[in-house]
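Undergrad: Let's see this in three dimensions:
(2 chains)
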Amino acid sequence: MIAIVDYGVGNLFSLKSSLDFIGAQNVITNDADVIKNADKIILPGVGAFADAIKLLHQTGLVPVLKQQVSQGKPLLGICLGMQLLFENSFEYGCHKGLGFIKGDVCPIADDVDKTLKISHMGWNSLDIKKQSPLFKYIKDGDYVYFVHSYYAKNCNDVIATSNYGIDLTAMVQNGNVFGAQFHPEKSGETGLAILKAFNEI
Amino acid sequence: MLAKRIIPCLDVKDGRVVKGTNFQGIKDVDSPVELAKFYNASGADELVFYDITASSEGRKLFADVLKDVAKNIFIPLTVGGGINTLDDFDRVLKSGADKVSVNSGAIKNPKLIEQGAKKYGNQCVVLSMDVKRVDGRFVVFAKGGRECTGIDAIEWAYMGQENGAGELVLNSIDTDGVKGGFDIEMLDKIGAKLSIPIIASGGAGCEKHFVDLFRACPKADAGLAASIFHFKQVDIKNLKQILADNGVSVRL
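TA: As a prediction, this is how the structure comes out:
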């Protein structure tokens, strides 16, 4: 059973549908006991970092997530949910994240050529940097769907990048904590394959 | 490298996909769910789902049809037609849409773009424009291209971007249904000042027109079409291979 953490951010319809589609048992929940009893956790998220981390803290689930992660339960952060895994975000100010992964979330616009459009939006190919169980069913160069204006850097746990003038962090892994900057639930067969691999960890 | 996107558009009326020529003479084609599955399997990068009669007749989209599509396809889904209020945003997003396309609703109430962007994020708001040449300038038309608003298209597009639209669909009424190629001149003129992704629409008749689009108009991020895909005159897999062979970055 995968617990999809519901903290009032974003639309979880597609994520749930995609997990249903691959036959992964899942539940959308903000209940600490359900999360504790789940085999795996997905932390979704869209919107602004500051709002999201505030809402997540308000649910009272942060200590639960920390406890579960420290016990070795697999956690996958998606899009903003991945960014929340980091130590700091510099999206409109400086905000503390969950600190599961070392590094900072910074504006793409500061680091790429000014002629490029911001957000980084659309399908981009994955450059696999390190092996990970999430890559069980996909290969280097497969395309996934991104929508974001901030990206993770100063990070040694990058397992895949996508090139947008510079190498943007696409996926991270620190032990049992995983993150995908793109939306696997909107990335066609490749995205479903990543979710399937996560479900099988 | 970011790929250029190929987007089939499903114009829906009474739960069926339809597509007219110059918005007149509608022909029935197929079921939205079946077409969505077909396109997902054939490599479409995204789907746009419009209720083409909603603006003028106030029809609501069928939430069940949307939900059915969203449960079967796992690529971005944009929904438009009859989006006049934030409640309309809410309705289609809850039915599985990822992005909401505003057109006539934003012309009636320009604040709708800003309201939608603030509540759901810029990435969620797609400003769709039907554009036609009138007396030597590009003018925005409302109500499925039937009503001239007199609004300057270049100004309207820029205002939409500044108010928070995350993407722009530029549909040329002049080339729509003619199948003589995209309206490169219109796309260039309107796109010149814009920094958000642009989806070109109207006029694609064959594979070459997409090659021409992405070569001649680097600002175009995506090409959208309907009938050529629905009637299988252009196969998306084949189209993307041709684009790749011509040096255009696509998701194969």
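Undergrad: Can you name the residue of chain A nearest chain B?
TA: Distances between chain A and chain B by Cβ to the nearest Cβ are smallest at A:Y143, namely 3.9 Å. C-beta: built from backbone N, CA, C; applies to glycine.
Undergrad: roughly how far apart are that residue and A:S132?
TA: 18 Å (Cβ to Cβ, to the nearest Å).
Undergrad: what do you get for B:I242?
TA: Distance from B:I242 to A:S132, by Cβ to Cβ: 34 Å.
Undergrad: Show me which residues of chain A sit near chain B.
TA: Contact residues, chain A versus chain B (Cβ under 8 Å from any Cβ of the partner chain): A:11, A:13-14, A:17-18, A:20-21, A:46-47, A:117-125, A:143, A:145, A:147, A:163-164, A:185-188, A:191-192.
Undergrad: Filter those residues down to just the ones in strands.
TA: A:120-125, A:143, A:145, A:147, A:163-164 (DSSP state E).
Undergrad: Which among the residues you listed count as buried?
TA: A:120-125, A:143, A:145, A:147, A:164 (16 or more other Cβ atoms under 10 Å in any protein chain shown).
Undergrad: Could I get the residues you listed in TSV, plus columns for distance to A:A3?
TA: Listed next are these as TSV, based on distance: Cβ to Cβ, whole Å:
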residue	distance to A:A3
A:H120	29
A:M121	29
A:G122	30
A:W123	29
A:N124	29
A:S125	31
A:Y143	28
A:Y145	24
A:V147	24
A:Y164	32
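Undergrad: Identify the farthest-apart pair in those.
TA: Using Cβ to Cβ, these reach their maximum pairwise distance at A:S125 and A:V147, which is 16.0 Å.
Undergrad: What segments of chain A are strands?
TA: Under DSSP E, chain A gives strands at A:2-5, A:26-29, A:40-43, A:75-78, A:86-89, A:95-96, A:101-107, A:120-125, A:127-128, A:143-148, A:150-153, A:158-164, A:166-174, A:177-180.
Undergrad: Name all residues that make contact with the nearest residue to A:Q131 once chain neighbours are set aside.
TA: Once flanking residues are discounted, A:Q131 sits nearest to A:I159: 7.8 Å by Cβ to Cβ, 6 or more residues apart in numbering or on different chains. Applying Cβ atoms under 8 Å, 6 or more residues apart in numbering or on different chains to A:I159 gives the contacts A:128-132, A:134-135, A:171-173.
Undergrad: Just give me the neighbour total for whatever residue of chain B ends up closest to chain A.
TA: Closest residue of chain B to chain A, Cβ to the nearest Cβ: B:R251 (3.9 Å). Number of residues near B:R251 (other Cβ atoms under 10 Å in any protein chain shown) recorded here: 25.
Undergrad: B:N238 now?
TA: 12.
Undergrad: List the contacts of it.
TA: Contact analysis of B:N238 by Cβ under 8 Å, 6+ apart lists B:E207.
Undergrad: what about it, which SS state?
TA: Classification of B:N238 using DSSP: H, G, I helix; E, B strand; the rest coil returns helix.
Undergrad: again with the one 10 residues further on
TA: Local secondary structure at B:V248 is given as coil here, using three-state DSSP.
Undergrad: List the contacts of it.
TA: B:V248 touches B:4, B:210-211, B:214-215, counting by Cβ under 8 Å, 6+ apart.
Undergrad: And A:W123, by the same measure?
TA: By Cβ under 8 Å, 6+ apart, A:W123 lies in contact with A:143-146, A:187, B:2-3, B:5, B:45, B:251.
Undergrad: so how far is B:A44 from it?
TA: For A:W123, the distance to B:A44 - Cβ to Cβ - is 11 Å.
Undergrad: Same question for B:V69.
TA: According to Cβ to Cβ, B:V69 and B:A44 sit 12 Å apart.
Undergrad: So, low pLDDT: which residues of the stretch 1-150 of chain B?
TA: B:19-30, B:53-62 (pLDDT under 70).
Undergrad: and B:G247, how many residues sit next to it?
TA: Counted with other Cβ under 10 Å, residues neighbouring B:G247 total 9.
Undergrad: for it, what are its contacts?
TA: Contacts of B:G247 (Cβ under 8 Å, 6+ apart): none.
Undergrad: try 10 Å this time
TA: B:211, B:214-215 (Cβ atoms under 10 Å, 6 or more residues apart in numbering or on different chains).
Undergrad: Of these, just the buried ones, ChimeraX syntax please.
TA: Applied in ChimeraX, the following selects the buried portion of these according to 16+ other Cβ under 10 Å:
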select /B:211,214
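Undergrad: Any chance of JSON lines for the contacts of B:G247, columns pLDDT, distance to A:T29 and secondary structure?
TA: As requested, the contacts of B:G247 are exported to JSON lines (pLDDT from 0 to 100; distance: Cβ to Cβ, whole Å; DSSP: H, G, I helix; E, B strand; the rest coil):
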{"residue": "B:V211", "pLDDT": "98", "distance to A:T29": "48", "secondary structure": "helix"}
{"residue": "B:F214", "pLDDT": "98", "distance to A:T29": "44", "secondary structure": "helix"}
{"residue": "B:R215", "pLDDT": "96", "distance to A:T29": "50", "secondary structure": "helix"}
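Undergrad: how about CSV for the contacts of B:G247, with distance to chain A added?
TA: Listed next are the contacts of B:G247 as CSV, based on distance: Cβ to the nearest Cβ, whole Å:
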residue, distance to chain A
B:V211, 18
B:F214, 13
B:R215, 18
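Undergrad: Walking through the stretch 1-150 of chain B, point out its helices one by one.
TA: For the stretch 1-150 of chain B, the helices defined by DSSP state H, counting those that start in this stretch occupy B:32-42, B:54-57, B:63-72, B:86-94, B:104-108, B:111-120.
Undergrad: any chance of the ones you listed in TSV, with mean neighbour count and distance to A:I28 too?
TA: Below are these laid out as TSV (neighbours: other Cβ atoms under 10 Å in any protein chain shown; distance: least, Cβ to Cβ, whole Å):
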stretch	mean neighbour count	distance to A:I28
helix B:32-42	19	24
helix B:54-57	18	30
helix B:63-72	19	15
helix B:86-94	18	13
helix B:104-108	22	30
helix B:111-120	18	19
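Undergrad: Kindly reformat those as JSON lines and extend each row with distance to chain A.
TA: Shown next, in JSON lines, are these (distance: least, Cβ to the nearest Cβ, whole Å):
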{"stretch": "helix B:32-42", "distance to chain A": "7"}
{"stretch": "helix B:54-57", "distance to chain A": "21"}
{"stretch": "helix B:63-72", "distance to chain A": "5"}
{"stretch": "helix B:86-94", "distance to chain A": "5"}
{"stretch": "helix B:104-108", "distance to chain A": "20"}
{"stretch": "helix B:111-120", "distance to chain A": "8"}
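Undergrad: Identify whichever of those helices lies nearest to B:D130.
TA: Closest among the helices of the stretch 1-150 of chain B, once you apply Cβ to Cβ, is helix B:104-108, at 9.0 Å.
Undergrad: Nice, that's everything, thank you.
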